[in-house]
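A.B. asks: Compute the structure for the input listed below.
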Amino acid sequence: MNNFTYSIPTKIHFGKDQISHLNELKESGDKVLLVYGGGSIKKSGIYDNAMEILKSADITVYELSGVEPNPKIESVRAGVSTCKENEIDMVLAIGGGSTIDCAKVVAAGACSEEDPWELVLHPDRIKKALPIYSVLTLAATGSEMDEFAVISDLSKNEKWGTASELLKPTMSIMDPQYTYTVSPKQTSAGTADIISHTFENYFTNVKGADVQARFAEGLLKNCFKYGPIALKEPDNYDARANLMWTSSMAINGLIKDGAEVAWCVHPMEHELSAFYDITHGEGLAILTPVWMDFALSDKTAGKFAEYGRNVWNIVGEDDMVVAKEAIAKTREFFAQMNLPKTLAEVGINEEYFDKMAEKAANGCAGSFVELTKEDIIEIYKAAL
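C.D. replies: A predicted model of the protein is given here:
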């Protein structure tokens, strides 16, 4: 196990009706930028509820609405301008990971003279950020409790992640009831995202990190158990609650720290989203089993077999046989969740494979199985 320093400064209010804790924003000032996506938070009543609480706390609200599912740098720039023009004290995101990611980079950009895109490309330049708060409405990215944000500049076909300890939210409200109205498509895609986050950390070359591995296996079991239940019973509180908390645990450092490894499927999928603006979780569901097939070898069979035995309860002494069955079960699960199986299903062809693979290869350096540009092209083609 590697050395590490673990710190999560985010206060979590988890459970029913926890939005009442929005009055805690008063601790950071009296002007807030409210960041959200479409009209779903207004239809559900969350917007009105939040506005009432903020008003009662004498907090003036400015708004940045219309944040995209793959948040664009243009939205970030608009938020930064609003913050600077009105001397905003803090940023509040109500929504899923995209909204929170946008809010994070807005919070950093509001405290910098540089263009926000430079902060995405060069996270070391983030020296300060406004306090960040969130009310989560979708279990997927774990942005409510981590230091990461992913922003797109579609004019350049670029989608990059940035990270800073300063981007960890001050406080997040997690009410599973707010995910009852999440569509079947987004429920499935969100579950795939949680699974992929867990896989990216689980498949590591670091030896002796057994605590992290056992945590990861438990998180995967939760996804495989509760994903189909949430799909069939959208208002099942236990299913939604377990998915929501699993999402946070998958990427808040709990299973990463001490077992660090470069991610590989996410960089490949980010290129799909950058060029085609597809749903992130669907791209991950397509690529993950294909990457597993590619990565499986005599050298890696033991780790895949460990996954098969501990998560899927597969019995067998031959690591390669168990590994292949585990990969098959993973593919079957994504199909059970009605996720697309091929890139062709989401409108992707070979046109940009060379460009996408070249960019993705930089992000895959140091991954569980090292991938060259040519390897990534092979994976893309196998996913067609």
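A.B. asks: So Glu147 versus Thr82, what's the distance?
C.D. replies: Glu147 sits 23 Å away from Thr82, going by CB to CB, to the nearest Å. C-betas here are computed from N, CA, C, even on glycine.
A.B. asks: Settle it for me: which of these two has more neighbours?
C.D. replies: Neighbours per residue (other CB atoms under 10 Å) separate Glu147 from Thr82, with Glu147 holding more: 22 against 18.
A.B. asks: Model confidence for the more buried one, exactly?
C.D. replies: pLDDT for Glu147: 94.
A.B. asks: from what I can see it touches Gly161, true?
C.D. replies: No. Using CB atoms under 8 Å, Glu147 is not in contact with Gly161, being 10.3 Å away.
A.B. asks: so where do the helices sit in the stretch 251-384 of the chain?
C.D. replies: Remark: helices assigned in the stretch 251-384 of the chain by DSSP state H, counting those that start in this stretch are 265-276, 280-295, 301-311, 319-336, 353-363, 373-382.
A.B. asks: Run through the residues that contact Ser28.
C.D. replies: Ser28 is in contact with Asp89, Met90, Leu130, Pro131, Tyr133, Thr170, counting by CB atoms under 8 Å, 6 or more residues apart in numbering.
A.B. asks: if you set the cut-off to 7 Å instead, what comes out?
C.D. replies: Applying CB atoms under 7 Å, 6 or more residues apart in numbering to Ser28 gives the contacts Asp89, Met90, Pro131, Thr170.
A.B. asks: got these as CSV, with distance to Asp235, pLDDT and secondary structure columns?
C.D. replies: Formatted as CSV, the contacts of Ser28 follow (distance: CB to CB, whole Å; pLDDT from 0 to 100; DSSP: H, G, I helix; E, B strand; the rest coil):
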residue, distance to Asp235, pLDDT, secondary structure
Asp89, 36, 98, coil
Met90, 32, 97, strand
Pro131, 33, 98, coil
Thr170, 30, 97, coil
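A.B. asks: which stretches of the stretch 51-200 of the chain form helices?
C.D. replies: Counting by DSSP H, counting those that start in this stretch, one finds helices in the stretch 51-200 of the chain at the ranges 73-86, 97-109, 116-121, 184-202.
A.B. asks: just those helices: most buried one?
C.D. replies: Mean neighbour count (mean count of other CB atoms under 10 Å) peaks for helix 97-109 among those, with a mean of 30.
A.B. asks: which residues touch that one?
C.D. replies: Taking contacts as CB under 7 Å, 6+ apart, the residues outside helix 97-109 that touch it are 33, 35-37, 67-71, 75-76, 79-80, 83, 91, 93, 116, 119-120, 126, 129-130, 132, 134, 138, 140-141, 143-144, 149-151, 162, 164, 166-167.
A.B. asks: What mean pLDDT does it get?
C.D. replies: The average pLDDT within helix 97-109 is 96.
A.B. asks: ok now that helix, how far from the chain's centre?
C.D. replies: Its chain's C-alpha centre and that of helix 97-109 lie 13 Å apart, by CA atoms, centre = their mean, to the nearest Å.
A.B. asks: by how many degrees do that helix and helix 184-202 diverge?
C.D. replies: If you take axes from the mean of the first three to the mean of the last three CA atoms, to 10 degrees, helix 97-109 sits at 60 degrees to helix 184-202.
A.B. asks: tilt between helix 97-109 and helix 280-295?
C.D. replies: 100 degrees.
A.B. asks: Using PDB, write out the CA atom coordinates for helix 97-109.
C.D. replies: Provided in PDB are the C-alpha atoms of helix 97-109 (Å, rounded to 0.1, in the frame of the first residue of the first chain):
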ATOM      1  CA  GLY A  97     -22.500  16.100 -11.300                       C
ATOM      2  CA  SER A  98     -22.400  18.300 -14.400                       C
ATOM      3  CA  THR A  99     -24.000  21.200 -12.500                       C
ATOM      4  CA  ILE A 100     -21.700  20.700  -9.500                       C
ATOM      5  CA  ASP A 101     -18.600  20.500 -11.800                       C
ATOM      6  CA  CYS A 102     -19.600  23.800 -13.500                       C
ATOM      7  CA  ALA A 103     -20.100  25.400 -10.100                       C
ATOM      8  CA  LYS A 104     -16.700  24.200  -8.900                       C
ATOM      9  CA  VAL A 105     -14.800  25.800 -11.800                       C
ATOM     10  CA  VAL A 106     -17.000  29.000 -11.500                       C
ATOM     11  CA  ALA A 107     -15.900  29.100  -7.800                       C
ATOM     12  CA  ALA A 108     -12.200  28.900  -8.800                       C
ATOM     13  CA  GLY A 109     -12.600  31.300 -11.700                       C
END
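A.B. asks: by how many degrees do it and helix 73-86 diverge?
C.D. replies: Going by the same axes, to 10 degrees, helix 97-109 makes 50 degrees with helix 73-86.
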